[in-house]
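In: fold the following, please.
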Amino acid sequence: MGCRIATRWPAFRGAGASQAGQSARNALTSATVGGISLVTRIRRGGFVFLTWRSDHGPRHVHVYRDGHLVVKWDLEHQKPMKGRATDRLRRLLDRLVRDGVL
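Out: The predicted structure follows:
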């Protein structure tokens, strides 16, 4: 089983990414071990969204801005576990969930 560890998060260049006009600022990146994604990092609207495959329940996302945690968002119950989410951030979260990214 191979392990790939990156010190830098490269822009996602998966199938259809260029066709969708996805910029480096809106990059979807992940770390994989043996082809299984362990962590996903998404940048949108000045925020960084992080999810871990084997993280504790409920299913949630950590949202950062300028290197600081803004909110830990419960994806199952659509509410904050820690911090606060602005209306704008909630719209971003809703879009990422609707698009199947989170």
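In: where does the protein have low pLDDT?
Out: 1-37 (pLDDT under 70).
In: mind running it again at 90?
Out: 1-41, 51-57, 59, 101-102 (pLDDT under 90).
In: the strands in it, which residues?
Out: Using DSSP state E, the strands of the chain run over 28-33, 36-44, 47-52, 60-65, 68-74, 79-83.
In: quick one: strands adjacent to the second one?
Out: When you say that, I think you mean strand 36-44. Partners of strand 36-44 in the sheet, by DSSP bridges, are strand 28-33 (antiparallel), strand 47-52 (antiparallel).
In: and the angle from the last one to strand 68-74?
Out: Between the axis of strand 47-52 and that of strand 68-74 there is an angle of 50 degrees, by axes from the mean of the first three to the mean of the last three CA atoms, to 10 degrees.
In: and strand 47-52, what's buried?
Out: Neighbour counts over strand 47-52 (16 or more other CB atoms under 10 Å) mark 47-51 as buried. C-beta coordinates here come from the backbone N, C-alpha and C atoms, glycine included.
In: for the residues you listed, which one is nearest residue 101?
Out: The closest of the buried residues of strand 47-52 to residue 101 turns out to be residue 49 (CB to CB; 8.2 Å).
In: and that closest one, what does it touch?
Out: Taking CB atoms under 8 Å, 6 or more residues apart in numbering as the criterion, residue 49 is in contact with 40-43, 61-63, 93, 96, 102.
In: list the beta-bridge partners for it.
Out: residue 42, residue 63.
In: residues making contact with stretch 86-94?
Out: So stretch 86-94 is contacted by 44-45, 47, 49, 61, 63, 70-71, 73, 75, 85, 102 (CB under 8 Å, 6+ apart).
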